[in-house]
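Engineer: build the 3D model from these lines:
(chains A and B)
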Amino acid sequence: MFLQYVINGLSIGSVYALIAIGYNMVYGILELLNFAHGDVYAVGCFVTLALIGLKQHVVVAILGGMMAGFTINLIVERFAYRPVRFSGRVTPTISAVGIAYIMRNIIMKIWGPETYPFNIGIKASYFTVGKVVFGTLQIYILLIAVALMIFISLLLKRTKMGQAVVSISQSIPTAALMGIPVNRVIAMVYGVGAALGVVGGVLFCAYYESIFLGIGFMLGTMKAWMSSIVGGIGSLKGAVMGALILGLTESFVSGYVSTVYRDAYVWGVFILFVLIKPQGLFPAQISEKV
Amino acid sequence: MLLEVKGLSVKYGKIEALKDVSLSVKEGELTTLLGANGAGKTTLLKTISGLLKPFAGEIVYLGRRLDTLPTDAVVRAGISHCPEGRKVFPRQTVYENLKIGAYTRRDGEVEKDIEDFFAKFPRLGERRNQRAGHLSGGEQQMLVICRALMSRPKLLLLDEPSMGLAPFVVREVFALIQEIHRQGVTILLVEQNAKMALKVADKGYILEVGRVVAEDSARNLLASETVRKSYLGG
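Structural biologist: As a prediction, this is how the structure comes out:
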């Protein structure tokens, strides 16, 4: 059974990782707890649902959802975050909560509070290796998530834009002095973060074969936040490792302790972890030698 | 004049950090800006590079108003500001630090320039794939000056490049500044080490609590009795 829990934990963890990447990057750059992250990408997921409903190919539908998430976050960044960027830490957070409510109400207005079946056209078949059961969908989710994470890490390491993001996350003024158009790049990080969130959200909904209003905040923002805290703020590695640990913890708790009280136990573990290691496992090293 | 600052006032909230400051930097010259802590030297550099916006006055560079531009446009116009405190990007490698310094460039000679710096400073070359945060203070200072040059600026703003460095490293930094100057880059140098700065400079300004109190050729300032008493330690 142990191996089965590991597989389950890793596949849900890799979905959390996609959701956490955008969240953690923004946190690393602006120290903003982006409470709107989940609800913004939830809109993108519903757009994907609508496009699937319109008989679009699933890839087109997901790309459409990503575009929606990307665009919304560009607008939100420009009008809700940038004006309050230097107003301390509380104001932008409140602004983000406001955006979260607006997004949730948009979903409420268009799609209502119902739970819809969600199917990205991958038949849920299973095969077994030894005693471990693999779902085809699970494998797809894992592959897509891992491929996207590798893609993003290459983007950050190898492209000019990616390196600009890494510089900005260490010091905004110094990055500006390199001639980096800081505002534009930060807006891009928001946009790409939301687009990745949409993929994570779509995979999450596919995993549970359903979608509803709550996926944004409960399943998105909170998981992304926990992953980032556990993994360490401000780095890609932190987001991914934190998310995998979160997925594994959930899987083990469901398997060995309790399914019903899973979240309560996981939160208990989380609080204990924060008390012991508040900086996370892989904090971005920002200490400068003097 | 390459750069002209006219009647510049800058405020932090209600505190006026610069009061009606005017100065000019001639193309090809090394101009130094001296003054005690809190005189407004760093504020002036930050305002030139667009990190701070002036309350009044203007900054003209090559006949163009600069004070309305964002920092990235200032860099593209040919001004590179090397801030105080050795602001390397600690999590990026030495190589990546240099490369990001060339962010505004579109030509194909970036790699060549990086290799030239590595040839000139073998200690940086040996550490090209190490994180910049792991370098010594002197190495970091060399790195940030090289990084500031990677944009191939016309005008280099240097803020306290000798701060907190051992005397032999300070000499090395000043040798580098003189070499950059000889290569034709115009420099505006902010320094606490007034003596060394005046020795390499063509012209100097002295700031006191946000005002220019003296301006003259570096030679005259070095010889002046009042300057000697206040800034050169007797």
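
Engineer: drop to CA atoms for contacts and neighbour counts, all remaining ones
Structural biologist: Will do.

Engineer: excluding chain neighbours, what is closest to A:M25?
Structural biologist: Distance criterion CA to CA, 6 or more residues apart in numbering or on different chains; nearest residue to A:M25, sequence neighbours excluded, is A:G234 at 5.5 Å.

Engineer: tell me how many other residues crowd that neighbour.
Structural biologist: Burial measure for A:G234: 28 neighbouring residues, criterion other CA atoms under 10 Å in any protein chain shown.

Engineer: relative to chain B, how far out is it?
Structural biologist: Using CA to the nearest CA, to the nearest Å, A:G234 is found at 11 Å from chain B.

Engineer: cool, and A:R262?
Structural biologist: 37 Å.

Engineer: I figured that residue hits A:S254, correct?
Structural biologist: Yes. Using CA atoms under 8 Å, A:R262 is in contact with A:S254, at 5.7 Å.

Engineer: tell me which element the closest residue to A:I245 other than its chain neighbours falls in.
Structural biologist: Residue nearest to A:I245 in three dimensions, not counting chain neighbours: A:G13, with 7.0 Å by CA to CA, 6+ apart. If you go by DSSP states H and E, A:G13 is part of helix A:2-30.

Engineer: just checking, what packs against that helix?
Structural biologist: strand A:132-135, helix A:136-158, helix A:182-208, helix A:222-231, helix A:236-252 (3 or more CA pairs under 8 Å, 6 or more residues apart in numbering or on different chains; DSSP states H and E).

Engineer: if we go to 6 Å?
Structural biologist: Applying 3 or more CA pairs under 6 Å, 6 or more residues apart in numbering or on different chains; DSSP states H and E, one finds that helix A:2-30 makes contact with helix A:182-208, helix A:222-231, helix A:236-252.

Engineer: let's have those in JSON lines, adding mean neighbour count.
Structural biologist: Formatted as JSON lines, the helices and strands packed on helix A:2-30 follow (neighbours: other CA atoms under 10 Å in any protein chain shown):
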{"stretch": "helix A:182-208", "mean neighbour count": "24"}
{"stretch": "helix A:222-231", "mean neighbour count": "26"}
{"stretch": "helix A:236-252", "mean neighbour count": "26"}
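
Engineer: out of those, which comes closest to B:P83?
Structural biologist: Taking CA to CA, helix A:182-208 is the member of these nearest to B:P83, at 17.0 Å.

Engineer: name the helices or strands packed onto that closest one?
Structural biologist: helix A:2-30, helix A:37-53, helix A:58-76.

Engineer: picking that back up, pretty sure the residue nearest to A:I245 contacts A:G247?
Structural biologist: Yes. The pair A:G13 / A:G247 is scored as a contact, 3.9 Å apart, by CA atoms under 6 Å.

Engineer: list the buried residues in the helix or strand bottoming out on mean pLDDT in chain B.
Structural biologist: None of the helices or strands of chain B scores lower by mean pLDDT, DSSP states H and E than helix B:225-231, at a mean of 78. For helix B:225-231, burial by neighbour count (16 or more other CA atoms under 10 Å in any protein chain shown) applies to B:227, B:231.

Engineer: the closest residue to chain A within chain B in helix, strand or coil?
Structural biologist: Nearest residue of chain B to chain A (CA to the nearest CA) works out as B:D72 at 3.9 Å. Under DSSP: H, G, I helix; E, B strand; the rest coil, B:D72 falls in the helix class.

Engineer: what distance do you get for the residue of chain A found nearest chain B to A:I12?
Structural biologist: Among the residues of chain A, A:G179 lies nearest to chain B; the distance is 3.9 Å by CA to the nearest CA. Distance, A:G179 to A:I12, by CA to CA, to the nearest Å: 40 Å.

Engineer: same check on A:I172?
Structural biologist: 34 Å.

Engineer: more neighbours: those two, which one.
Structural biologist: The residue with more neighbours, out of A:I172 and A:I12, is A:I12; 25 against 17, by other CA under 10 Å.

Engineer: please name the nearest non-neighbouring residue to the more buried one.
Structural biologist: Once flanking residues are discounted, A:I12 sits nearest to A:G247: 5.5 Å by CA to CA, 6+ apart.

Engineer: contacting residues for that neighbour?
Structural biologist: A:G247 makes contact with A:9, A:12-13 under the criterion CA atoms under 6 Å, 6 or more residues apart in numbering or on different chains.

Engineer: just send these back as a markdown table, with pLDDT too.
Structural biologist: Below are the contacts of A:G247 laid out as a markdown table (pLDDT from 0 to 100):
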| residue | pLDDT |
| --- | --- |
| A:G9 | 92 |
| A:I12 | 90 |
| A:G13 | 92 |
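
Engineer: pipe the residues you listed into JSON lines and attach distance to A:T93 per row.
Structural biologist: Output for the contacts of A:G247, formatted as JSON lines (distance: CA to CA, whole Å):
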{"residue": "A:G9", "distance to A:T93": "31"}
{"residue": "A:I12", "distance to A:T93": "27"}
{"residue": "A:G13", "distance to A:T93": "26"}
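
Engineer: chain B contacts on the stretch 101-250 of chain A?
Structural biologist: Where the stretch 101-250 of chain A comes near chain B, counting by CA under 6 Å from any CA of the partner chain, the residues are A:176, A:178-181.

Engineer: please check those and keep the buried ones.
Structural biologist: A:176, A:178-181.

Engineer: contacts for stretch B:79-97, please.
Structural biologist: Applying CA under 6 Å, 6+ apart, the external contacts of stretch B:79-97 come out as B:128-133, B:141, B:148, B:153, B:155-160.

Engineer: for the closest residue to the residue of chain A closest to chain B other than its chain neighbours, the count of nearby residues, please.
Structural biologist: Closest residue to A:G179 apart from its sequence neighbours, by CA to CA, 6+ apart: B:D72 at 3.9 Å. Residues lying near B:D72 (other CA under 10 Å) number 23.
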